[in-house]
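> Pasting a predicted model and its sequence here:
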Amino acid sequence: MKATAKLLPLATALVLALPAAAQDLARGEQLYELCAQCHGANGAGNSAYLAPAIGGLPQWFVEAQVHKFQSGARGTHFDDIGGMRMRPMSMWLASDEDVASVSAFVAAMPKVTPESTLHGGDAARGQAKYAPCIACHGVDGQGNQALNAPPLVGQSDWYQLTSLKNFKAGVRGTNPKDTTGALMRPMSMTLADEQAMKDVIAYIQSLGAQDQE
């Protein structure tokens, strides 16, 4: 009887939390209407708007990036055109609760693999170049929250190329507020040129193809 009595408050708390969680997703869906204008209703992204695929990304990662845009850790460099477009959109989220709600909704969306837009990458050469990435992003490219490393598979290839170029050029990863981005910049420096970047991206894309088999 005593054990049952101890479990009752916990059960009650869990039951009460369910409507709140549902309400957060409902709020997130409302907030996402603005995001959909660039990222698409299904979160598949749109290169014309410099908007990458985001559907199904982990909530922790989406939240972290939105907060970076809000704080100015991202989206303030003059050469980061996509980031500068995103920063004012992030400011529209008035509270941490709104950020959490829209991030939860994005994470709950089914993943949609965006169409490949890059050509000339060699996955076989890219496999060797991917070796330094394994420590954070994993052998399978699924990422690691403990290391603040997002999943790479299923991401827009054009966005990955842009990101690598930006990290290497110092457009990203040099802002003192962007401590996690600073970890990525030296990794981008291991890729000698655009061809090397395309090769490693081709290999990452092949990992995603394996997941679909």
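Thanks, I have the structure now.
> wait, what's in contact with Ile201?
When contacts are counted by Cβ atoms under 8 Å, 6 or more residues apart in numbering, Ile201 touches Leu118, Gly121, Gly126, Asp157, Gln160, Leu161, Leu164. All C-beta spots, glycine's among them, are computed from the backbone N, C-alpha and C.
> In helices, which of those residues fall?
Gly126, Asp157, Gln160, Leu161, Leu164 (DSSP state H).
> Give me the buried entries from those residues.
The neighbour-count test (16 or more other Cβ atoms under 10 Å) marks Gly126, Asp157, Gln160, Leu161, Leu164 as buried among the ones in helices among the contacts of Ile201.
> from those residues, which is closest to Arg185?
Arg185 lies nearest to Leu164 out of those, by Cβ to Cβ, at 10.1 Å.
> before we move on, the earlier item: mind giving me JSON lines with the ones in helices among the contacts of Ile201 and columns for pLDDT?
As requested, the ones in helices among the contacts of Ile201 are exported to JSON lines (pLDDT from 0 to 100):
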{"residue": "Gly126", "pLDDT": "97"}
{"residue": "Asp157", "pLDDT": "96"}
{"residue": "Gln160", "pLDDT": "97"}
{"residue": "Leu161", "pLDDT": "98"}
{"residue": "Leu164", "pLDDT": "98"}
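> what stretches of the protein score poorly on pLDDT?
Within the chain, the stretches with pLDDT under 70 are 1-23, 209-213.
> quick revisit: out of the buried ones among the ones in helices among the contacts of Ile201, which is nearest to Ser101?
The closest of those, once distances to Ser101 are taken by Cβ to Cβ, is Gln160, at 27.4 Å.
> Please verify my assumption that that closest one contacts Ile204.
Yes. Between Gln160 and Ile204 there is a contact under Cβ atoms under 8 Å: 7.0 Å.
> Any chance you could list residues touching both of those two?
Listed contacts common to Gln160 and Ile204 are Leu152; contacts here mean Cβ under 8 Å, 6+ apart.
> For Leu93, see how far away Asp122 is.
Distance of Asp122 to Leu93, computed by Cβ to Cβ, to the nearest Å: 41 Å.
> Compare the two and say which is more crowded by neighbours.
More neighbours surround Leu93 than the other of Asp122 and Leu93, with 21 against 15 (other Cβ atoms under 10 Å).
> How about the more buried one: what's its closest non-neighbour residue?
Val99 (5.0 Å; Cβ to Cβ, 6 or more residues apart in numbering).
> Quick one: residues contacting the one you found.
Glu63, Val66, His67, Gln70, Leu93 are the contacts of Val99 under Cβ under 8 Å, 6+ apart.
> what's the burial count for the closest residue to the fourth one other than its chain neighbours?
Of all residues not flanking Gln70 in the chain, Ser90 sits nearest, at 4.9 Å (Cβ to Cβ, 6+ apart). In terms of burial, Ser90 registers 20 neighbours under the definition other Cβ under 10 Å.
> Great, nothing more from me.
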